[in-house]
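# Could you look at this predicted model? Sequence included:
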Amino acid sequence: MTPEYHLLFLHSSLLSLETFFWGLIFIAVFAFWLVPGGLAWTRSRSKAPFAIPGPTGFPLTGSLGAFTGSAPHRALAKLAQSFNAKPLMAFSVGLTRFVISSDPETAKEILNSSAFANRPIKESAYELLFHRAMGFAPYGTYWRNLRRISATHLFSPKRIAGFESFRREMGFKMVENAKYLMLKNGEVEIKRLLHFGSLNNVMMTVFGKSYDFEEGGDGMGLEELVNEGYELLGTFNWSDHFPLVGWLDLQGVRKRCRCLVQKVNVFVGKIIEEHKLKRVNGALSDSSVGDFVDVLLDLEKDDKLSDSDMIAVLWDTIFRGTDTVAVLLEWILARMVLHQDIQSKVQADIDAVVGNSSLVSDSDIINLPYLQAIVKETLRMHPPGPLLSWARLSTRDFHVGYYFVPAGTTAMINMWAITHDDTVWAEADKFKPERFVDDDVSIMGSDLRLAPFGAGRRVCPGKAMGLATVHLLLAQLLQSFRWIPCVGCDVDLTECLKLSMEMKNPLVCRVVPRAA
Ligand code: HEM
């Protein structure tokens with residue numbers, strides 16, 4: 001053998017060794033990645049006798065694509081259908097392991113289990129200090145205390161009733177504003193008005209304060225803070241699923257959160273200081289007695305909160321209570337513009353029960369079952385939280401039917417898929433409030449065919465307050481105006497899931513005052 005041949009032989013052997021080596025790595029990565037559910041599920045597979053069906057997704061990013069569009073609830077519903085995985089589907093996004101259910105029975109099992117009473121904490125929520133507030137606080141004594149305090153002092157039927165006159169006044173202001181916009185522009189873009197009404201409603205209950213939303217005023221400043229928070233919490237943040245790139249903060253989420261926290265601390269801190277000052281001066285006015293800030297300041301001993309925890313709790317409540325109510329009202333009004341017959345029918349009911357010379361009140365709502373049915377049907381067709389807004393996190397290993405779900409898995413419920421499932425709802429794609437007149441389905445969390453407020457330990461604590469606000473404002477808006485389409489423009493029902501599921505193109509319509 002010549003030395004040249006020897007070298008050539010050695011070189012080609014090394015080459016084939018290298019190819020073999022890389023081949024092995026490639027096969028290993030493939031073998032890991034090709035498990036149902038994708039990369040994040042590889043380690044837990046050995047413990048599971050039955051693999052939860054689901055897409056493998058791409059090698060590193062997993063099923064990230066489902067979240068990058070404007071309607072992840074639809075993308076995930078489609079995936080669950082194609083993998084025959086309605087009860088439970090597994091998938092990965094980066095290193096995060098997910099399960100999602102599109103089935104009422106399995107959803108009930110997950111939401112009601114103490115194993116799923118925690119929430120995964122996104123970086124943005126953590127940076128905004130929401131882990132010290134009810135919505136993201138870990139399941140435990142601190143969270144339980146916050147739920148107890150708010151159930152007694154914020155969400156009790158007595159408190160909700162106590163704020164009726166303010167809700168009516170808010171509704172009246174909105175009606176006046178809509179009239180003004182119609183005169184000025186010949187049409188009304190209602191989104192901002194609804195947001196303003198909803199934000200003020202929560203502000204009053206929580207801070208004992210309402211705002212005029214004029215350029216440069218405190219109200220505008222508040223609205224900017226709230227909107228920035230929505231955007232940050234609604235952003236898909238790579239750091240949540242790819243820890244290695246987390247420190248780079250590529251999207252600038254962390255930086256923006258820190259900047260927002262400082263502004264919120266100043267804004268809310270000032271209101272807390274004003275409340276403290278009134279106490280020192282013994283000058284509590286009637287209107288400020290009993291708002292939620294006062295309640296938190298009155299807490300004693302173990303319940304007492306630090307100022308920064310108070311800010312987190314107050315801010316979280318404002319956050320949760322504003323968007324959902326405004327978004328739901330916009331969908332309802334869009335439906336009213338589209339279905340003129342349904343609008344006429346509910347207006348006839350309002351006229352019969354209330355008349356058109358006096359304003360609707362909370363006590364009228366019970367006598368307006370068709371109005372309530374419209375709200376339910378809109379919650380079914382357009383749930384503000386189609387994926388129930390905030391996911392759950394398993395704190396221990398858990399079995400869902402045959403399937404094994406390891407501790408540390410993020411669990412989601414696709415409420416949108418359930419409420420659009422033809423096997424659950426007859427004519428699921430038709431807007432038919434009548435279905436709820438004949439069949440009084442509870443929407444408060446006991447029947448998972450329609451649970452827009454979630455269920456179980458972390459069910460929405462503000463559901464009664466949210467519904468009271470939606471019912472009253474809607475009744476006032478329908479009593480005051482006929483809602484009709486603009487000439488030459490259709491109502492566009494395209495959805496866009498941010499923090500809540502909004503109308504991609506805000507509703508623009510005309511309002512015609514009804515007889516006084
Ligand atoms: C139409 C109105 C509303 C809808 C559709 C809605 C929906 C939801 C949903 C789906 C959840 C998650 C439930 C779960 O994980 O099972 C939730 C949680 C929550 N909601 Fe609401 N909500 C509404 C109004 C409100 C209001 C008015 C407030 C307060 C002023 C509020 C405060 C909260 C809080 C604090 C949580 C977190 C509870 C916890 O984790 O312990 N919500 N909401």
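Structure received. Worth saying up front: this structure is predicted, and the values here are computed from it rather than measured. Numbers count the residues shown, from 1 in each chain.
# what are the ranges of the strands in the stretch 1-150 of the chain?
89-93, 96-101 (DSSP state E, counting those that start in this stretch).
# And the pLDDT for G54?
What the model reports as pLDDT for G54 is 93.
# Leaving out sequence neighbours, find the closest residue to I190.
L507 (5.5 Å; Cβ to Cβ, 6 or more residues apart in numbering). To be clear about C-beta, it is placed using only N, CA and C from the backbone, and glycine gets the same treatment.
# Tell me how many other residues crowd that neighbour.
25 (other Cβ atoms under 10 Å).
# Surely it touches E330?
Yes - using Cβ atoms under 8 Å, L507 is in contact with E330, at 5.6 Å.
# Name the residues contacting each of these two.
190-191 (Cβ atoms under 8 Å, 6 or more residues apart in numbering).
# now the end-to-end length of stretch 434-454.
23 Å (Cα to Cα, to the nearest Å).
# list the buried ones in it?
435-436, 443-445, 448-454 (16 or more other Cβ atoms under 10 Å).
# Check stretch 333-352 too.
Those would be 333-339, 342-343, 346-347, 349-350, for stretch 333-352 by 16+ other Cβ under 10 Å.
# Mind putting those into CSV with secondary structure, distance to the ligand and pLDDT?
Shown next, in CSV, are those (DSSP: H, G, I helix; E, B strand; the rest coil; distance: Cβ to the nearest ligand atom, whole Å; pLDDT from 0 to 100):
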residue, secondary structure, distance to the ligand, pLDDT
L333, helix, 14, 98
A334, helix, 15, 98
R335, helix, 15, 98
M336, helix, 17, 98
V337, helix, 20, 98
L338, helix, 20, 98
H339, coil, 20, 98
I342, helix, 20, 98
Q343, helix, 20, 98
V346, helix, 18, 98
Q347, helix, 22, 97
D349, helix, 22, 97
I350, helix, 21, 97
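# Contact residues of the chain facing the ligand?
111, 134-135, 147, 202, 317, 320-321, 324-325, 328, 384-385, 388-390, 452-456, 458-462, 465-466, 470 (Cβ under 6 Å from any ligand atom).
# Next up, the contacts around T235.
Per Cβ under 8 Å, 6+ apart, neighbours of T235: 124, 251, 253.
# how about the residues you listed in JSON lines, adding distance to H420?
Formatted as JSON lines, the contacts of T235 follow (distance: Cβ to Cβ, whole Å):
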{"residue": "S124", "distance to H420": "29"}
{"residue": "Q251", "distance to H420": "31"}
{"residue": "V253", "distance to H420": "31"}
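# Separate out the buried members of those residues.
Using 16+ other Cβ under 10 Å, the buried ones in these are 124, 251, 253.
# Can you tell me which of those lies closest to the ligand?
S124 (15.8 Å; Cβ to the nearest ligand atom).
# For the closest one, which non-adjacent residue is spatially closest?
L232 is the one closest to S124 (Cβ to Cβ, 6+ apart), at 4.7 Å.
# how close does the one you found sit to L111?
Distance, L232 to L111, by Cβ to Cβ, to the nearest Å: 26 Å.
# For N185, give me its contacts.
Taking Cβ under 8 Å, 6+ apart, one finds nothing in contact with N185.
# Next: V245.
238-239.
# go again using 6 Å as the cut-off
Taking Cβ atoms under 6 Å, 6 or more residues apart in numbering as the criterion, V245 is in contact with W238.
# same check, this time on I365
For I365, counting by Cβ under 6 Å, 6+ apart, the contacting residues are H471.
# do you know how far it is from the ligand?
15 Å (Cβ to the nearest ligand atom, to the nearest Å).
# same thing with H195?
Applying Cβ to the nearest ligand atom to H195 and the ligand gives a distance of 13 Å.
# Check Y402 too.
Distance from Y402 to the ligand, by Cβ to the nearest ligand atom: 24 Å.
# Could I get the pLDDT score of that residue?
On the pLDDT scale, Y402 gets 87.
# That one and F50 touch, don't they?
Yes - using Cβ atoms under 6 Å, Y402 is in contact with F50, at 4.6 Å.
# Low-confidence bits of this protein, can you list those?
Filtered on pLDDT under 70, the chain yields the residue ranges 1-17, 20-34, 44-48, 213-216, 283-290, 516.
# let's go with 50 and repeat that
Residues of the chain that meet the criterion pLDDT under 50 lie in 288-289.
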